[in-house]
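**Q** need a 3D model of the sequence below.
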Amino acid sequence: MERVVNVAYHLFCVEAVVGLALLGLLYTWTRMGPPKTDESHSTSPSPTSKKEDLQVNQRGGNGFYHASKSQGAASIPFPLPEPLPDFSLETARTRDYVYVNKTLRYPYYQTMSHQPLSPNNWIELSASYRWYLAEKKRVIEEQGKVVIDSLPENDAACGELLELVVEFMTTRYPTLFDRLLVTQDNKELDGIYSHVTGERYQWVKGCPPEGVEGLGIVSRLTENDFLMARERDDGHIYFVGGLVAFPGFYLLSEKIGKSMHDVHLRVPQFNQKLLVSVERTLKRMEPNAPFERSSWEIVDDNNLFFHNIAQLPEEGKCTTSPGDLYLRIDRQAFRKLPRSKAIIFAVHPIIKKMRDIREDSPLVPALLAKIHEESSEDLMKFKVSPAYYAELKPWLEEATKDQISRGLIRGDEDPQNFRDITRPTEILVPPVSVP
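**A** A predicted model of the protein is given here:
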């Protein structure tokens, strides 16, 4: 299990911290039992504004974000998302996380890589929404406080998070959710009804369920996990609760109550070089200026709670065929709650099989090979690459040759420019429904 923690960190600390300068720190996830989403969940932009996504996620431009930073959080609330009146789970897709948020980068080293968060993209849904909810319910029932917990100082923030999630989901996805704002027995009530699950949750307006009860309701509404932290009187950031059913490489129970410093003791160079800037960024973040980033790793199964590769012995080798390995991407959205000032990490884990990347992602196999070959040895060891790369390397080389023969690439392009290549619609791997 100790190795698991190290691996999880590498991902977050090295890569995330890398990217976020603040906290890819704590996320990577998974533990599925039934067949999980092979879903190429992200083969095309989600049903949001494509123009907006391009500007916000690829160029980093967001007028509202910069206005918020200059005018202060108290003056401008973070906007609600645009409604999707025709949204359907059957055709739902997230944005392609391989192509947004600079998830795959070269040269690959520790650096900031976060972008402003569009109001539309805080919580995305995929065609596997029902699977996520069912799997999350199973994990919570089996693991309890290991994956869902809250310290007393965080309980009110759980209720505040629930209110924001309800407001977002009912606004963004009106075909799936109804807001239950009514007056009954001279009391104003608030709540949400899900047309997907048939579940109804209601409470006195302004008094939402708090603590684990509130997080439990959140777990029935979104695919996301939510990690929660806050600044304490000593000026440092501590992890104080969350709903973390799909971590993949670590457990919430191992982190709750610990400072960012202590959580990253085993992560090379994090506390020495990155801790100060990470904590500063999180403490200065305004409620109306959230941001997002993504981290990646290669895993050998679809068990989002805890991957098999995370449990291998020190010199263990992965036996999964290279084409059946998954590229796991954790999209991380960071928000500060207006009232409680709790720091929320909304993490959406997506997995895509390597064979699907070969099919619809020109130059990405070449980029993955380059990253593995030329990045820091310590960094790649943290990503557990010794367990799988000897077998994956020749497979990536063949995948690149295949893309050349299919006319998707010439073969002389710089892999880091893979986002510049137009992908024909007919090659995009569609989402796969999960049984």
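
**Q** test my guess that Pro415 contacts His372.
**A** No - taking Cβ atoms under 8 Å as the contact criterion, Pro415 and His372 are not neighbours in contact, 11.7 Å apart. Glycine gets a C-beta too; all of them are placed from N, C-alpha and C.

**Q** surely Lys352 forms part of a strand?
**A** Yes - under DSSP: H, G, I helix; E, B strand; the rest coil, Lys352 sits within a strand.

**Q** show the model's pLDDT score for it.
**A** Predicted confidence (pLDDT) at Lys352: the value is 93.

**Q** is it in a bridge, and if so with what?
**A** When assigned by DSSP bridges, Lys352 has beta-bridge partners Leu327.

**Q** number of residues surrounding it?
**A** The criterion is other Cβ atoms under 10 Å. On that basis, Lys352 has 25 neighbouring residues.

**Q** where in the chain is pLDDT low?
**A** Screening the chain residue by residue with the criterion pLDDT under 70, one finds the ranges 1-75, 108-112, 268, 430-435.

**Q** strands of the stretch 151-300 of the chain, start to end?
**A** Chain-ordered strands for the stretch 151-300 of the chain, with DSSP state E, counting those that start in this stretch as the definition, fall at 177-179, 182-184, 187-194, 200-204, 225-231, 237-243, 291-299.

**Q** JSON lines for those, including distance to Leu252 and mean neighbour count?
**A** As requested, these are exported to JSON lines (distance: least, Cβ to Cβ, whole Å; neighbours: other Cβ atoms under 10 Å):
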{"stretch": "strand 177-179", "distance to Leu252": "26", "mean neighbour count": "16"}
{"stretch": "strand 182-184", "distance to Leu252": "35", "mean neighbour count": "10"}
{"stretch": "strand 187-194", "distance to Leu252": "24", "mean neighbour count": "16"}
{"stretch": "strand 200-204", "distance to Leu252": "23", "mean neighbour count": "16"}
{"stretch": "strand 225-231", "distance to Leu252": "7", "mean neighbour count": "25"}
{"stretch": "strand 237-243", "distance to Leu252": "6", "mean neighbour count": "26"}
{"stretch": "strand 291-299", "distance to Leu252": "17", "mean neighbour count": "26"}
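
**Q** I'd like those laid out as CSV, including distance to Pro349.
**A** Formatted as CSV, the entries for the strands of the stretch 151-300 of the chain read as follows, by distance: least, Cβ to Cβ, whole Å:
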stretch, distance to Pro349
strand 177-179, 22
strand 182-184, 35
strand 187-194, 21
strand 200-204, 24
strand 225-231, 7
strand 237-243, 13
strand 291-299, 10
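
**Q** so which of those gets nearest Phe168?
**A** Distance to Phe168, taken as Cβ to Cβ, is lowest for strand 177-179 among those, at 9.6 Å.

**Q** picking that back up, Pro322 is nearest to which of the strands of the stretch 151-300 of the chain?
**A** With Cβ to Cβ as the measure, strand 291-299 is the member of these nearest Pro322 (9.5 Å).

**Q** convert the C-alpha atoms of that closest one to PDB, please.
**A** Taking Å, rounded to 0.1, in the frame of the first residue of the first chain, the C-alpha atoms of strand 291-299 are listed here in PDB:
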ATOM      1  CA  PHE A 291      -9.400  27.100 -12.600                       C
ATOM      2  CA  GLU A 292      -8.800  23.600 -13.900                       C
ATOM      3  CA  ARG A 293      -6.000  21.200 -14.900                       C
ATOM      4  CA  SER A 294      -5.600  17.600 -15.800                       C
ATOM      5  CA  SER A 295      -3.100  14.900 -14.900                       C
ATOM      6  CA  TRP A 296      -2.500  11.500 -16.500                       C
ATOM      7  CA  GLU A 297      -1.100   8.100 -16.000                       C
ATOM      8  CA  ILE A 298      -1.300   4.700 -17.700                       C
ATOM      9  CA  VAL A 299      -3.200   2.000 -15.800                       C
END
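
**Q** may I have the strands that pair with that strand, each with its orientation?
**A** Listed by DSSP bridges, the sheet partners of strand 291-299 and their directions read strand 115-116 (antiparallel), strand 326-336 (antiparallel).

**Q** quick one: the first one to chain centroid distance?
**A** Relative to its parent chain, strand 115-116 has a centroid offset of 14 Å by Cα atoms, centre = their mean, to the nearest Å.

**Q** between the strands of the stretch 151-300 of the chain, which one is nearest to Gln269?
**A** Among the strands of the stretch 151-300 of the chain, strand 291-299 comes nearest to Gln269, with 16.8 Å by Cβ to Cβ.

**Q** hang on, the earlier thing: the strands of the stretch 151-300 of the chain: which one's closest to Gly316?
**A** Of those, the one closest to Gly316 (Cβ to Cβ) turns out to be strand 291-299, at 13.7 Å.

**Q** could I get the full set of helices for the chain?
**A** Using DSSP state H, the helices of the chain run over 2-9, 18-20, 50-53, 63-71, 129-143, 155-172, 211-219, 252-255, 260-263, 275-284, 354-360, 364-374, 377-382, 389-405.

**Q** of those helices, which is nearest Gly198?
**A** Each of the helices of the chain was scored for nearness to Gly198 using Cβ to Cβ, and the closest is helix 129-143 (11.9 Å).

**Q** hmm, back to that, closest to Phe249 out of the strands of the stretch 151-300 of the chain?
**A** With distances scored as Cβ to Cβ, the stretch of those nearest to Phe249 is strand 291-299 (7.9 Å).

**Q** next, format the helices of the chain as CSV and append distance to Val98 and mean neighbour count.
**A** As requested, those are arranged in CSV below (distance: least, Cβ to Cβ, whole Å; neighbours: other Cβ under 10 Å):
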stretch, distance to Val98, mean neighbour count
helix 2-9, 21, 20
helix 18-20, 14, 26
helix 50-53, 14, 14
helix 63-71, 23, 15
helix 129-143, 19, 19
helix 155-172, 23, 21
helix 211-219, 27, 21
helix 252-255, 27, 20
helix 260-263, 28, 20
helix 275-284, 25, 17
helix 354-360, 7, 21
helix 364-374, 6, 20
helix 377-382, 19, 16
helix 389-405, 14, 17
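
**Q** which of these sits closest to Pro77?
**A** Nearest of the helices of the chain to Pro77, taken as Cβ to Cβ: helix 63-71 at 9.3 Å.

**Q** which one of the strands of the stretch 151-300 of the chain lies nearest to Ser277?
**A** strand 237-243 (12.1 Å).

**Q** next up, the contacts around Gly191.
**A** With contacts defined as Cβ atoms under 8 Å, 6 or more residues apart in numbering, the neighbours of Gly191 are 166, 179-181, 200-203.

**Q** again, only using 10 Å
**A** Neighbouring residues of Gly191 by Cβ atoms under 10 Å, 6 or more residues apart in numbering: 166, 170, 178-182, 200-205, 208, 217.

**Q** shouldn't His236 be in contact with Glu279?
**A** Yes - counting by Cβ atoms under 10 Å, a contact exists between His236 and Glu279, whose distance comes to 6.3 Å.
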